[in-house]
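Participant: For reference, the sequence and a predicted model appear below.
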Amino acid sequence: MSESRICCPSLYRCIFEYETPRSVIIRSRKVGSFNRFIQLAILGYIIGWVLVWQKGYQEFDSIISSVTTKVKGIAVTNDSHLGFRVWDVADYVIPPQEELSFFVMTNLIMTRDQIQAQCPEVPDDSSKCTSDSNCTAGFSDVHSSGIQTGRCVNFNETVRTCEVQAWCPLEINGVNDSEPALLKAADNFTVLIKNNIRYPKFNFNKRNILPNISSTYLKTCIFNRQTDPYCPIFRLGDIVHEAGEDFQKMAVEGGVMGIQIRWDCDLDKSESKCVPTYTFRRLDNKNPNNNVAPGYNFRFAKYYKTPDGVESRTLIKAYGIRFDVMVFGRAGKFNIIPTLINVGSGLALLGLVSMF
C-alpha cells in the first residue's frame, strides 16, 4: 500500500474515503461444501444451543426461599430400660424448629436421676487404676466425665477406676445402642414441608402447596412420585428409601438426609407449569472402609429439683436422622437485550466465516 494511502493528503479525504474488500469466487466443491458446513454448524449452535437449549432469549433470576416443617406421628415402646412409653412429636423432634432442617430422634441412651456427686469413672485405658497413686486430684481431659478426686475406687467387682466429681451416675454406652432402634416406628412419621419462593426480578411468588391442592386433599395425601408428585407431605421411610438407604439400619446410629427442592421456571409459559420437583439423598459419609464415628448423635439434658432442693437431671444421648431441606432454582423470562446480544454474537461468527 502506497504512502499516500497510509497517510491521507488531506483531512477531507481521510474522513470521506470508503474502502471495500475485494471478493474472490473460488469454484470448488470441496471449499464451497466446507464453507456451507461451517455456516450451518454456526447456525445450529446459535439456534439449537444458545437460543433453544440455553434460552438465550431470556434474562434469568436466582431464587429466594423460606422453608418451614411440621412433623407428625406417634410411637409406642416397651423395653426393660424405659418401660412402656408413648412418644409424640414433642419428645422426638429436637429442637422444635430449625432453619432449613429438622431432626427426628430414632434411638437414645437415657441416664436418669443424675446429681452432682462423686462416682467411679467409666473404665478406659486412662481411668483404670490399682491405687490412689494412679489418680491425680483435679485432673480432667476432653474424654473425662468429670474432675478426678485423687481416689481409686471400685467400678464393679473386677475393675477399679479413678473417682470423679461429676453428674452421677455416669452415662453407660451400649444401653439401647443396638438394632432395632428404639423408635423404629419413626419410618411411618410424616413431615409437611412448606416452601415459599420468590424471584424478585420478575416479582414472582409461589409456594409448594399449589393452587389446586385443597385442604381435604392435604389431610390425606402422601408424596408419591407416580401418583402424588406435588403432595408436600412426606413419609420419612419413603424419603430414606428413595435415597437408596435402609431406614431401620440408619435409625440405629443416625445420619443426615438431604431433601432437595428444585424450581426451574419458564415464566414465558403459564404460571401453573412452575412446579417443584423433589429428590432425596444421604449426605453423611457411609463408607464401609471408613466407619469411624458413624451416624449422627448429640446429648441434651432435662433439669429438675427434688423436694429437698437438690438439682437433678435426665441426660439423653439422642441418635437420629437430621433432614436438611435445600432449595434450588432459576427463572427465565423473555428480554430483548439478551436476545439481541446472542443473535448479534452469532451473526459476528457468521461474518468471520465469510472472511476466510
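Facilitator: Nice, I can see it. Numbers count the residues shown, from 1 in each chain.

Participant: For the residue nearest to residue 237 when sequence neighbours are not counted, which three-state class applies?
Facilitator: Leaving aside its sequence neighbours, residue 237 sits nearest to residue 187 (CB to CB, 6 or more residues apart in numbering; 3.2 Å). For glycine as for every other residue, the C-beta is placed from the backbone atoms N, C-alpha and C. The three-state label given to residue 187 by DSSP: H, G, I helix; E, B strand; the rest coil is helix.

Participant: How much space separates residue 187 from residue 319?
Facilitator: Distance of residue 187 to residue 319, computed by CB to CB, to the nearest Å: 15 Å.

Participant: Hmm, residue 240 and the residue nearest to residue 237 touching each other?
Facilitator: Yes - Residue 187 lies in contact with residue 240 (CB atoms under 8 Å); the separation is 7.4 Å.

Participant: Can you check which residues contact both of the two?
Facilitator: Contact with both residue 187 and residue 240 is made by residues residue 247, according to CB atoms under 8 Å, 6 or more residues apart in numbering.

Participant: Name the residues of stretch 126-142 that are buried.
Facilitator: Counting neighbours by 16 or more other CB atoms under 10 Å, one finds that the buried residues in stretch 126-142 are 127, 129, 134-135.

Participant: Please apply the same query to stretch 152-168.
Facilitator: 152-153, 155, 160-168.

Participant: go on, stretch 41-48?
Facilitator: Per 16+ other CB under 10 Å, stretch 41-48 contains these buried residues: 42, 46.

Participant: chain center to it, what's the gap?
Facilitator: Distance of stretch 41-48 from the chain centroid (CA atoms, centre = their mean, to the nearest Å) equals 38 Å.

Participant: residues making contact with it?
Facilitator: The contact list for stretch 41-48, computed with CB under 8 Å, 6+ apart, reads 342-343, 345-346, 349-350, 353.

Participant: What helices and strands are in contact with the longest helix seen in the chain?
Facilitator: In the chain, ranked by residue count with DSSP state H as the criterion, the top helix is helix 336-354. Judged by 3 or more CB pairs under 8 Å, 6 or more residues apart in numbering; DSSP states H and E, helix 336-354 is in contact with helix 29-44, strand 58-62.

Participant: between the buried residues of stretch 152-168, which is nearest residue 69?
Facilitator: The nearest member of the buried residues of stretch 152-168 to residue 69, counting by CB to CB, is residue 167 at 32.6 Å.

Participant: So for stretch 156-170, mean pLDDT?
Facilitator: Averaging pLDDT along stretch 156-170 gives 94.

Participant: Next, the distance between the ends of it.
Facilitator: End-to-end distance of stretch 156-170 (CA to CA, to the nearest Å): 14 Å.

Participant: contacting residues around that stretch?
Facilitator: Contacting residues not belonging to stretch 156-170 are listed as 111, 113-123, 127-130, 134-135, 140, 144-155, 313, 315 [CB under 8 Å, 6+ apart].

Participant: just to revisit the earlier point, now the buried residues of stretch 152-168 in JSON lines, with distance to residue 43 and secondary structure?
Facilitator: Output for those, formatted as JSON lines (distance: CB to CB, whole Å; DSSP: H, G, I helix; E, B strand; the rest coil):
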{"residue": "152", "distance to residue 43": "87", "secondary structure": "strand"}
{"residue": "153", "distance to residue 43": "87", "secondary structure": "strand"}
{"residue": "155", "distance to residue 43": "82", "secondary structure": "coil"}
{"residue": "160", "distance to residue 43": "86", "secondary structure": "strand"}
{"residue": "161", "distance to residue 43": "81", "secondary structure": "strand"}
{"residue": "162", "distance to residue 43": "82", "secondary structure": "strand"}
{"residue": "163", "distance to residue 43": "85", "secondary structure": "strand"}
{"residue": "164", "distance to residue 43": "79", "secondary structure": "strand"}
{"residue": "165", "distance to residue 43": "82", "secondary structure": "strand"}
{"residue": "166", "distance to residue 43": "77", "secondary structure": "strand"}
{"residue": "167", "distance to residue 43": "76", "secondary structure": "strand"}
{"residue": "168", "distance to residue 43": "81", "secondary structure": "strand"}
